[in-house]
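In: How does the following fold in three dimensions:
(one chain, ligands or ions: 2)
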Amino acid sequence: MNKIKVMTVFGTRPEAIKMAPLALELAKRPEFDASCCVTAQHREMLDSVLEIFRLRPDYDLNVMEPRQTLSTITAKCLNGMDGVLEAAQPDLVLVHGDTSTTFAGALAAFYHKIPVGHVEAGLRTYDKWSPYPEEINRKLVGAIADLHFCPTAANRDNLARENITKGVFLTGNTVIDALQTTVVKDITFSEDILNNLDYVNRKVILVTCHRRENYGQPMAQIMTALRRVADAFPETELVYPVHLSPVVQEAAHKNLDGHPRIHLIAPLDVREMHNLMARCHLVMTDSGGLQEEAPALGKPVLVLRRETERPEAVDAGTVRLAGVEKEPIFQMASRLLSDRTEYDKMAHAANPYGDGRACRRIADAIAWHFGRRETPPEEFGA
Ligand code: UD1
Ligand code: UDP
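Out: Ligands and ions are numbered 1, 2, ... in the order given. Coordinates of the predicted model:
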C-alpha cells in the first residue's frame, strides 16, 4: 500500500518547537512518507530548534530578511512553496498556528489543491487587531484547512461557532509533548549568569516580550513596569532573553540596560528555556507558548497583553492578564511578590493544554482520515 505523503511546513521558533515532535512522530511511523519544509521566516531562532530536535528539513526557503514586513514574508513564502509542492506532491500539508508562514503555507497548498491540516486550530480572541496579524491568519487558515487539530475543547467550540465541524479532532497541544522531552534535573546553561543565579533564595522572574501589537508605546510601558518591579523588590532577578527582532532589541536595551538585576541575554535554545522556566519564580510574558508551558511547570504567569486566546490557564488560576499599562502591571507583580498566599494560589501545576500525547493523536487522526486506521484517536481529556 502506498504511504501517505505528509509534509510539515513551518518557519518561526514557536512553530518549530510545536511541530518538531510531530515531524519526528510522522517520520517513525510506517504508514507515512514524511517530509519537512521550513520557510525560515526566522533563521537563527529556527535553526536552534532544529538542532535541539535533530531535525533535518528537506526544503529550506530561507526567506528571512532584517525588519521584514508581513507582505514580504507572505509573498516570499507563497512563491517559494510553489516549487516545493510541485516537486514533492504531498497528499497532505500540515501547518501550525497563526504566523505568516502558516497562512502562506496553507494558501500555497490550497492553490495546488492539496489538503491542509491545521495544528493548533481554533484559538480565537475575536479581536482582529490583537494579536496582530495572528488572529486573522488563524481564521483564514481555518477556512482553508480540511483537518483541524484543536488543543482544547474550547478551541473546538470556537470552530463550531464558525460552522467548522468536519475533520475536527481534539488532540491537546504538541507543546506539552515537546516539554516532556526537554526538562531535566541538572542542567548547565550556556550563559554564566544563569548558572550563578540563586534560584532558591532569590526570586527569578523570566521575561519575554515580542508581539507586533506591543511595538512602540505598549512595549515602553511594559518595560517601565519591569524596571519598577526590579527597583521595588531587591530580592528579584529579571532574566529576559531578548527576541532578535531589531524593534524589540532596541526597546529592551533602551529601557532596561544598566540595571544590576535585569539581565538582558540572547535568545535561549528551547532546552535551556524550558529548564530556566522550571527553575524560575514567576513568568511575565506576551508570548503564546509560554502561557502554555509555564502552567505545566507550576509557574505563575502575568500576561503582558490586553487579551488572551488561551483562557484555559486563566480559568485554572495559574495565569492572569496584566495588560500593557505600567501601573496595573506593576501592581499585579507587586502583589504576587509581596503576598505569599496570592503567589501560592497561582503556583500549582495545571495542564489544560495537553498530556504529552498530542502528536500520536494527530498522526492517528491523519491515518484514519486516509483510511489506514479503523477508528479515530481517543480525544484529549476523554
Ligand atoms: C513571528 C510571528 C509571531 C510569533 C513570533 C514568534 C508573524 C507575523 N509573526 O513574529 O506570530 O509569535 O514570530 O517569535 O508571523 N529575526 C532575526 N533572527 C531570527 C528571527 C527573527 O534576526 O532568527 C529578526 C529579523 O530582523 C526579522 C524580525 O526579527 O525581520 C522579525 O521577525 P518576524 O518573523 O517578522 O516577526 P516576529 O515578531 O518574530
Ligand atoms: N523560547 C525559547 N527561547 C527563548 C524564548 C522563547 O526557546 O529565548 C520558546 C518558548 O519556550 C516557547 C516558544 O519559544 O516554546 C515561544 O516562542 P515565542 O514567544 O517567540 O512565540 P509565541 O509563542 O508568542 O508565538
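In: Next SSE downstream of the helix ranked longest in the chain?
Out: Selection of the longest helix in the chain by residue count, based on DSSP state H, yields helix 70-88. Next along the chain after helix 70-88, taking DSSP states H and E as the criterion, comes strand 92-96.
In: Tell me how far the residue nearest to the spatial centre of the chain lies from Tyr240.
Out: Nearest to the geometric centre of the chain sits Gly289, at 3.3 Å (Cα atoms, centre = their mean). Distance, Gly289 to Tyr240, using Cβ to Cβ, to the nearest Å: 16 Å. All C-beta spots, glycine's among them, are computed from the backbone N, C-alpha and C.
In: Roughly how far does the residue nearest to the residue nearest to the centre of the chain when sequence neighbours are not counted sit from Asn196?
Out: Nearest non-adjacent residue to Gly289, counting by Cβ to Cβ, 6 or more residues apart in numbering: Pro14, 4.7 Å away. From Pro14 across to Asn196, the span is 29 Å (Cβ to Cβ).
In: Repeat that for Met284.
Out: 21 Å.
In: and if you look at Leu61?
Out: Distance, Leu61 to Asn196, by Cβ to Cβ: 40 Å.
In: Pick out whichever of these two has more residues nearby.
Out: The neighbour comparison of Leu61 against Asn196 (other Cβ atoms under 10 Å) goes to Leu61, with 23 against 8.
In: Show the contacting residues for the more buried one.
Out: Contacts for Leu61 were tallied using Cβ atoms under 8 Å, 6 or more residues apart in numbering; they are 11, 37-40, 76-77, 80-81, 84.
In: Distance check, it against Asp286.
Out: 27 Å.
In: Need the per-residue pLDDT for the residue of the stretch 51-200 of the chain found nearest ligand 1.
Out: Residue of the stretch 51-200 of the chain nearest ligand 1, by Cβ to the nearest ligand atom: Thr99 (3.2 Å). If you check Thr99, the pLDDT there is 98.
In: And Ala349, by the same measure?
Out: 86.
In: Which residue comes closest to it once chain neighbours are left out?
Out: Gly298 is the one closest to Ala349 (Cβ to Cβ, 6+ apart), at 4.1 Å.
In: Please give me every residue in contact with that neighbour.
Out: Gly298 neighbours (Cβ under 8 Å, 6+ apart): 318, 347-350.
In: For those residues, work out which two are farthest apart.
Out: Ala347 and Ala350 (10.3 Å; Cβ to Cβ).
In: what do those two both touch?
Out: The contact lists of Ala347 and Ala350 share 298, 318, where a contact means Cβ under 8 Å, 6+ apart.
In: who's in contact with Gln89?
Out: 5, 114.
In: scratch that, Lys203 is what I was asking about
Out: Contacts of Lys203 by Cβ under 8 Å, 6+ apart are 233, 235-237, 281-282, 337.
In: now it, nearest residue through space, not along the chain?
Out: Once flanking residues are discounted, Lys203 sits nearest to His281: 4.2 Å by Cβ to Cβ, 6+ apart.
In: nearest residue to Arg138 other than its sequence neighbours?
Out: Asp98 (3.9 Å).
In: Just list the residues touching that neighbour, thanks.
Out: By Cβ under 8 Å, 6+ apart, the neighbours of Asp98 are 120, 123, 131, 134-135, 137-138, 141.
In: Am I right that it falls within a strand?
Out: No. Checked against DSSP: H, G, I helix; E, B strand; the rest coil, Asp98 lies outside a strand; its state is coil.
In: Could you report the separation of the nearest residue to Glu44 once chain neighbours are set aside from Ser287?
Out: For Glu44, ignoring the flanking residues on the chain, the nearest one in space by Cβ to Cβ, 6+ apart is Leu244 at 6.3 Å. Between Leu244 and Ser287 the distance is 14 Å, computed by Cβ to Cβ.
In: Which one's more surrounded, the two?
Out: More neighbours surround Ser287 than the other of Leu244 and Ser287, with 22 against 16 (other Cβ under 10 Å).
In: Report pLDDT for the closest residue in space to that one that isn't next to it in sequence.
Out: Take Ser287 and drop its neighbours on the chain: the residue closest to it by Cβ to Cβ, 6+ apart is Thr208, 5.0 Å away. Note for Thr208: predicted pLDDT of 98.
In: Over to Ala382?
Out: Value for Ala382, per-residue pLDDT: 74.
In: what about it, how many neighbours?
Out: Neighbours of Ala382 using other Cβ under 10 Å come to 6.
In: ok, now which ones touch it?
Out: Contact analysis of Ala382 by Cβ under 8 Å, 6+ apart lists nothing.
In: Which stretches in the stretch 251-382 of the chain count as strands?
Out: 262-265, 282-285, 301-303, 319-321 (DSSP state E, counting those that start in this stretch).
In: can you list contacts of the second one?
Out: So that's strand 282-285. Here strand 282-285 makes contact (Cβ under 8 Å, 6+ apart) with 203-209, 226, 277, 290-291, 294, 299-304, 322, 329, 333, 336-337, 343.
In: quick one: it near ligand 2?
Out: No. Using Cβ under 6 Å from any ligand atom, strand 282-285 never reaches ligand 2; the gap is at least 7.1 Å.
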